[in-house]
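In: Predicted structure and sequence below. I'll ask about it afterward.
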Amino acid sequence: MDIISHYPLKNHNTFGISAFAKEFVQVHTVAELAETLRENYGKKLFILGGGSNMLLTKDIDALVIHVDLKGREVINEADGYAHVKAMAGENWHEFVLYCIENDLGGLENLSLIPGNVGTTPIQNIGAYGTEIKDTFVSCEAMEIATQQLRTFTKEECEFAYRESIFKGVLKDRYVIVSVTFRLTTIHHKINISYGDIAAELTKNGVAVPTIKDVSNAVTAIRQSKLPNPKELGNSGSFFKNPIITAEEFEKASTLHPEMPHYPVSDTRVKVPAGWLIEQSGFKGKRFGDAGVHAKQALVLVNYGNANGQELLDLSKKIQQTVLDNFGISIEAEVNII
Ligand code: EPU
């Protein structure tokens, strides 16, 4: 494995930001990963997957390890379910398509999410009524300090909305090497209750949808709202939807009774950040090459040569305006580097 100095990261982050790694190495096997971690013990390390959930505001003063582990397999099948394992470096959407081609159900609502398999548990990716935790069985991860492999069960991952233990107490301590899902082989649980999926299927004349139909519908909806990172740099939702207390909601909604909201428990309410940002006047706005997507206000975009600091400044301006207007804090979902 060659370690390359001053390596350009523009093609390794979906925002398309120009920044450099002090050093960069690509690992293709679990053994190479262990060797790299062992040989570079004590150095500052940065683990890179698909680069789809980070904003680079500066060069990375570390050895960047690009996890390029490939492979996927059905490891067992019984009673209408299959356990399917994918290595961390597999592209997520290609893996979803592989599952659909093999008539394995459960991931179709998560079609077209950018990034790699290995990063999906870190923030419990979710879309269109499904989260990774719904089909997740376990993941295998290597402890950076000892190079020991450990299996994490679903409970041990402590999944919550866009959260897991890997963003919490175990942050920067493990490298995920593979993820195993439990998918249906028969009697697929079709979930078309979220948003526009049912309407999209009706438009396509589909009365009894297959998992492929659902995947196609989700793909079409995402394509209509979310920019393709290959054409317009972005990192998906830049912010999380805020979850506020019932009292906070009461206060905000007295002034803004039209505010959309979804109860998440008896005492907590989720408010769409996209709505708060749109109402604050930012949707479709452009400041130099940094902007807010015209079709989904939750997405910040790089029109070409924005740097990370400009996007970060824009995000802070949005956060402050939303706070001033609604008294609600919105938190970044992407990792700010
Ligand atoms: N809305 C607006 N204006 C906007 C965007 C949204 O008013 O510009 C309001 C509308 O009321 C709409 C509601 O927000 O009904 C929900 O919008 P949408 O269905 O587009 O979903 P979202 O809450 O904005 C979340 C995820 C997305 C995921 C979609 C669909 C988060 C942070 N984002 O967005 O995830 O694709 O639901 O399930 O939870 C991502 O994480 O990168 C991502 C794209």
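Out: That came in fine, so what should we check first? Numbers count the residues shown, from 1 in each chain.
In: Okay, and Leu170 sits in which element?
Out: For Leu170, there is no enclosing helix or strand under DSSP states H and E.
In: Give me every residue in the chain lying close to the ligand.
Out: By the rule Cβ under 6 Å from any ligand atom, the part of the chain lying against the ligand is 127-128, 195, 226, 236-237, 240-241, 260, 272, 274-275, 278, 283, 296-298, 333. C-beta here means a position set from N, CA and C on the backbone, and glycine is covered the same way.
In: quick one: contacts for Pro114?
Out: Listed by Cβ atoms under 8 Å, 6 or more residues apart in numbering, the contact set of Pro114 reads Thr14, Gly50, Ser52, Trp92, His93, Pro229, Gly236.
In: One more pass at 6 Å, please.
Out: Contacts for Pro114 (Cβ atoms under 6 Å, 6 or more residues apart in numbering) come out as Thr14, Ser52, Pro229.
In: distance of the residue lying closest to it once chain neighbours are set aside from Glu32?
Out: Counting by Cβ to Cβ, 6 or more residues apart in numbering, Pro114 lies nearest to Ser52, which is 4.0 Å off, once chain neighbours are set aside. According to Cβ to Cβ, to the nearest Å, Ser52 stands 23 Å off from Glu32.
In: okay, these two: which has more neighbours?
Out: Between Ser52 and Glu32, counting by other Cβ atoms under 10 Å, Ser52 is the more crowded of the two (21 against 17).
In: I'd guess Lys316 is in a helix, am I close?
Out: Yes. Counting by DSSP: H, G, I helix; E, B strand; the rest coil, Lys316 is found in a helix.
In: tally of neighbours for it?
Out: 11.
In: Next: the one 3 residues further on.
Out: Summarising burial for Gln319: neighbours were counted as other Cβ under 10 Å, giving 20.
In: again, but for Leu9
Out: What Leu9 shows, counting by other Cβ under 10 Å, is a neighbour count of 23.
In: Repeat that for the one 4 residues further on.
Out: If you count neighbours by other Cβ under 10 Å, Asn13 ends up with 24.
In: From the ligand, how far off is it?
Out: To the ligand, Asn13 is 14 Å away according to Cβ to the nearest ligand atom, to the nearest Å.
In: Can you verify my assumption that that residue contacts Gly51?
Out: Yes. Asn13 lies in contact with Gly51 (Cβ atoms under 6 Å); the separation is 3.9 Å.
In: how much space is there between the residue of the stretch 51-200 of the chain found nearest the ligand and Ile197?
Out: Nearest to the ligand, among the residues of the stretch 51-200 of the chain, is Ala127, at 3.7 Å (Cβ to the nearest ligand atom). The gap separating Ala127 from Ile197 is 10 Å, by Cβ to Cβ.
In: Looking at the two, which one has more neighbours?
Out: Set Ala127 next to Ile197 and count neighbours by other Cβ under 10 Å: Ile197 wins out with 22 against 19.
In: Backbone dihedrals for that one, please?
Out: phi -60, psi -50 (degrees, to the nearest 10).
In: Run the chain-centre distance for stretch 50-70.
Out: 14 Å (Cα atoms, centre = their mean, to the nearest Å).
In: Next: stretch 299-314.
Out: 18 Å.
In: likewise stretch 231-239?
Out: With Cα atoms, centre = their mean as the basis, the mean position of stretch 231-239 lies at 10 Å from the chain mean.
In: What residues sit buried inside it?
Out: Within stretch 231-239, the residues scored as buried using 16 or more other Cβ atoms under 10 Å are Leu232, Gly233, Asn234, Ser235, Gly236, Ser237, Phe238, Phe239.
In: As a markdown table, these with secondary structure and pLDDT would be great.
Out: Listed next are these as a markdown table, based on DSSP: H, G, I helix; E, B strand; the rest coil; pLDDT from 0 to 100:
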| residue | secondary structure | pLDDT |
| --- | --- | --- |
| Leu232 | coil | 96 |
| Gly233 | strand | 96 |
| Asn234 | strand | 96 |
| Ser235 | strand | 95 |
| Gly236 | strand | 93 |
| Ser237 | strand | 95 |
| Phe238 | coil | 97 |
| Phe239 | strand | 97 |
